[in-house]
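S.K.: predicted structure and sequence below. I'll ask about it afterward.
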Amino acid sequence: MMGQRKITRKQAIFDVCYMQLWHILAVLLYCNFDSLQFEFSKTFRKINASEDEQDVLNRHSGFFWFGKYLKMAVNSFGDVYQHVHTRTYNDTYFHGVNTKMTFSQMFDRDGMCINGPLSTSTSFEVALNFAAQEGIIVEFKDLPSPNNTALHVANGHAVGSSLNKASTFHFNCSWLSDFPSEKEHLFMQGGANLCMVNITDMDNTEYDVVLKALAAIDSILSRTDQRDHDHAMRNINFAKAVVEHQIAKKTNDLNFRMLETLNEYGSALIDEWFETKSSCSIDWSQWKEYTWIEVRCLNILMHNLQTVWYNNVGAADVDQMLSMIHQQWNRYASLKSVTLDVVVKQADANLDKHVNKKYKKMFSDIKCKLCCEHMRGFDYRIEVIRAR
């Protein structure tokens with residue numbers, strides 16, 4: 001009987017540098033057995049309100065080996081979405097959804113994070129077939145900006161967070177699929193960086209203008225980077241119209257005008273984004289350019305706002321801002337904290353003493369804690385926290 005060959009660590013690494021039979025089988029099963037694909041995809045999300053995270057993990061564990069090799073096939077042996085050196089951005093992928101769904105988290109500067117398998121096609125017509133009569137077609141594309149504004153999607157459900165832009169892979173399933181004409185490309189959990197550039201419904205209505213408007217608003221309310229500011233300014237007219245529409249819709253104020261051309265689904269996309277927005281990070285030094293978004297309107301636009309962060313606040317503006325926060329606080333039922341990062345100069349040495357003396361009791365009276373501390377970089381931080 002022959003002795004067993006001793007496998008060194010170097011040889012073990014070399015052995016997995018090539019696609020193995022179990023990787024091919026995982027892709028074959030995923031592509032060609034719809035019921036398996038459907039059941040597997042369900043294990044990446046809760047299927048009812050009574051489920052908790054452990055229930056999802058228990059269901060997913062039944063597909064452990066299948067999921068492991070499918071993920072390895074995509075992220076280890078798939079194609080890189082963009083060419084790292086030449087930075088070419090020609091590929092567009094389409095994903096058909098059989099209902100007019102909205103997305104709870106649309107935009108992120110580093111791209112969308114896929115928390116499950118996402119089947120796409122390079123053919124619009126193929127995605128059209130999957131969208132059925134009441135569905136939509138989502139168009140994804142990678143953009144050259146390092147700060148993509150993008151959609152988080154997993155199996156038609158918007159979830160997740162951002163990933164590094166350099167690790168985007170997809171697997172071209174055509175050579176293993178029983179339906180090569182579908183031109184299926186599979187993105188898998190953990191390494192995708194896509195930007196939603198358009199949505200098209202079955203009436204051939206496109207929603208790219210709505211996406212641009214929301215992306216611009218997101219840049220204003222969530223960014224401090226100059227490139228994000230520039231992006232917002234390019235789409236400023238769209239953004240203004242959407243903000244005015246939302247305020248008019250929620251307040252019936254005749255001073256604001258609703259968008260008459262906006263259909264029900266477009267309005268639902270906008271509503272979903274504002275309703276799920278829970279935090280803002282505002283560059284106060286640039287806020288004067290956005291006077292059409294008044295601070296007092298933030299609670300009208302975003303009912304679930306929990307944290308607000310103001311960056312680059314001048315010491316001369318501190319009194320105005322703290323007074324405004326004090327006056328507006330009770331209108332924000334969900335608000336937990338507001339933070340001011342103040343740029344302090346030598347002439348503002350007494351700011352700490354002034355803030356504590358004037359505002360500590362004011363905020364205490366409305367059951368808020370005022371915290372002040374000297375920090376590096378922005379010099380001085382003031383934080384208003386709702387008492388528990």
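M.R.: Perfect, I can see it now. All figures in this text were calculated on a predicted structure; none of them were measured in a lab.

S.K.: list the contacts of stretch 279-287.
M.R.: By Cβ atoms under 8 Å, 6 or more residues apart in numbering, the residues outside stretch 279-287 that reach it are 220-224, 229, 298, 302, 305-314, 317, 321. Where you see a C-beta, it was placed from the backbone N, CA and C, and this is true even at glycine.

S.K.: quick one: average pLDDT of the host helix or strand of G67?
M.R.: When elements are assigned from DSSP states H and E, G67 belongs to helix 64-77. With pLDDT averaged residue by residue, helix 64-77 scores 90.

S.K.: for G78, give its distance to T122.
M.R.: Taking Cβ to Cβ, to the nearest Å as the measure, G78 falls 14 Å from T122.

S.K.: looking at those two, which has the bigger crowd around it?
M.R.: Using other Cβ atoms under 10 Å, the more surrounded residue of G78 and T122 is G78, with 21 against 16.

S.K.: so the closest residue to T102 other than its chain neighbours: helix, strand or coil?
M.R.: Using Cβ to Cβ, 6 or more residues apart in numbering and skipping the chain neighbours, the partner closest in space to T102 is E272 (3.9 Å). Following DSSP: H, G, I helix; E, B strand; the rest coil, E272 is assigned to helix.

S.K.: surely E272 meets F103?
M.R.: Yes: counting by Cβ atoms under 8 Å, E272 does reach F103; the two are 6.5 Å apart.

S.K.: have a look at these two and say which one is more surrounded.
M.R.: Using other Cβ under 10 Å, the more surrounded residue of E272 and F103 is F103, with 21 against 18.

S.K.: ranges for the strands of this structure?
M.R.: For the chain, applying DSSP state E gives strands covering 79-80, 92-97, 118-121, 136-141, 169-172, 184-187, 195-201, 279-283, 307-314, 337-343, 368-374, 380-386.

S.K.: JSON lines for these, including mean neighbour count?
M.R.: What follows is the strands of the chain, written out as JSON lines (neighbours: other Cβ atoms under 10 Å):
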{"stretch": "strand 79-80", "mean neighbour count": "12"}
{"stretch": "strand 92-97", "mean neighbour count": "20"}
{"stretch": "strand 118-121", "mean neighbour count": "23"}
{"stretch": "strand 136-141", "mean neighbour count": "22"}
{"stretch": "strand 169-172", "mean neighbour count": "20"}
{"stretch": "strand 184-187", "mean neighbour count": "24"}
{"stretch": "strand 195-201", "mean neighbour count": "21"}
{"stretch": "strand 279-283", "mean neighbour count": "19"}
{"stretch": "strand 307-314", "mean neighbour count": "19"}
{"stretch": "strand 337-343", "mean neighbour count": "21"}
{"stretch": "strand 368-374", "mean neighbour count": "15"}
{"stretch": "strand 380-386", "mean neighbour count": "19"}
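
S.K.: so, low pLDDT: which residues of the stretch 151-300 of the chain?
M.R.: For the stretch 151-300 of the chain, the stretches flagged by pLDDT under 70 are 151-168, 189-193, 223-233.

S.K.: cutoff 50 now
M.R.: Residues of the stretch 151-300 of the chain meeting the criterion pLDDT under 50: 151-166.

S.K.: just the helices in it please.
M.R.: Taking DSSP state H, counting those that start in this stretch, the helices of the stretch 151-300 of the chain run over residues 208-222, 226-234, 236-251, 264-276, 284-287, 298-301.

S.K.: need the winner for burial among those.
M.R.: A comparison of the helices of the stretch 151-300 of the chain by mean neighbour count, using mean count of other Cβ atoms under 10 Å, puts helix 208-222 on top with a mean of 22.

S.K.: show residues contacting stretch 244-260.
M.R.: A241, V242, L262, S267, I270, D271, F274, W292, C297, I300, L301.

S.K.: same thing with stretch 307-323?
M.R.: Against stretch 307-323 from outside (Cβ under 8 Å, 6+ apart): 224, 278-286, 298, 335-345, 348, 351, 355, 358-359, 378, 380, 382, 384.

S.K.: would you mind measuring the gap between the ends of that stretch?
M.R.: Taking Cα to Cα, to the nearest Å, the first and last residues of stretch 307-323 lie 18 Å apart.

S.K.: for that stretch, give the mean pLDDT please.
M.R.: In this model, stretch 307-323 has a mean pLDDT of 90.

S.K.: show me how far that stretch is from its chain's centre.
M.R.: 27 Å (Cα atoms, centre = their mean, to the nearest Å).

S.K.: check stretch 366-384 too.
M.R.: 28 Å.
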